[in-house]
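>>> This is a predicted model, with the sequence first.
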Amino acid sequence: MKCLMQAWQHNESDIKAWLICKTHDVEQAEDLMQETFLKAMKHQERFCSLDNARSWLFKMVRNTLIDHIRTQHPVDKLTADLGITAQEKAPIMGLLSCLPRVLSELDDEDRDVIECCDLNGMTQADYAQLKDISTAGAKSRIQRARQKLKQHLTCACQVKFAEQKVCSYVPRHKL
């Protein structure tokens, strides 16, 4: 019990700060701290033999937060039970039909960086090396290209946003 109490006292403020950062709610963070502490109490006899008590506590806190989030979001299970299609659940996936045409309308440099890094999975560092530019230059290039792609998609496919998420669009097929 003494080992657990010492570890808890040493890490309590960091745990609380982390939970507040994740939940954006002081009361909820405190509730999750209490729940985590009760879970830790169940393992107090093994606690003194741990190599890294801080790591173990944060793992418990993270798992408690995940459990809490899962119980608060039963909507995913409900949508699966109702047979809601992926198109209805995530309209952004439907934008894939717009992508080839909009990509073809970007300039060569922008299209190349998006195809290499975003579509083919090349790291920005590898892209920088391939194009003989700095990593910072590659990061800037990909950010500018993504912004241009977003602008083109928004205009060409008449993308509508709600709460910063795609809610609808008009498909635009290949030329």
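Good, I have the coordinates. Since this is a predicted model, take the numbers as computed values, not measurements.
>>> residues contacting the spatially most central residue of the chain?
Nearest to the geometric centre of the chain sits residue 22, at 12.3 Å (Cα atoms, centre = their mean). Neighbour list for residue 22: 29, 65 [criterion: Cβ atoms under 8 Å, 6 or more residues apart in numbering]. Using the backbone N, CA and C atoms, a C-beta is placed for each residue, glycine as well.
>>> ok, it to residue 133 distance?
36 Å (Cβ to Cβ, to the nearest Å).
>>> what's the answer for residue 9, then?
Taking Cβ to Cβ, one finds residue 9 at 50 Å from residue 133.
>>> Which residue of the two possesses the greater neighbour count?
residue 133 (14 against 9; other Cβ atoms under 10 Å).
>>> Using CSV, list the CA coordinates for stretch 118-138.
Extracted in CSV, the C-alpha atoms of stretch 118-138 (Å, rounded to 0.1, in the frame of the first residue of the first chain):
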residue,chain,number,x,y,z
ASP,A,118,0.0,10.6,-49.3
LEU,A,119,-1.1,8.0,-51.8
ASN,A,120,2.0,5.8,-52.0
GLY,A,121,3.2,6.1,-48.4
MET,A,122,6.6,7.7,-49.0
THR,A,123,8.0,9.5,-46.0
GLN,A,124,8.6,13.2,-46.3
ALA,A,125,12.2,12.6,-45.5
ASP,A,126,12.5,10.1,-48.3
TYR,A,127,10.7,12.5,-50.7
ALA,A,128,13.1,15.3,-49.7
GLN,A,129,16.1,13.0,-50.4
LEU,A,130,14.6,12.0,-53.8
LYS,A,131,14.0,15.6,-54.9
ASP,A,132,17.2,16.8,-53.4
ILE,A,133,15.5,19.3,-51.1
SER,A,134,15.6,19.8,-47.3
THR,A,135,13.1,17.9,-45.1
ALA,A,136,11.6,21.2,-44.1
GLY,A,137,11.2,22.1,-47.8
ALA,A,138,9.5,18.8,-48.4
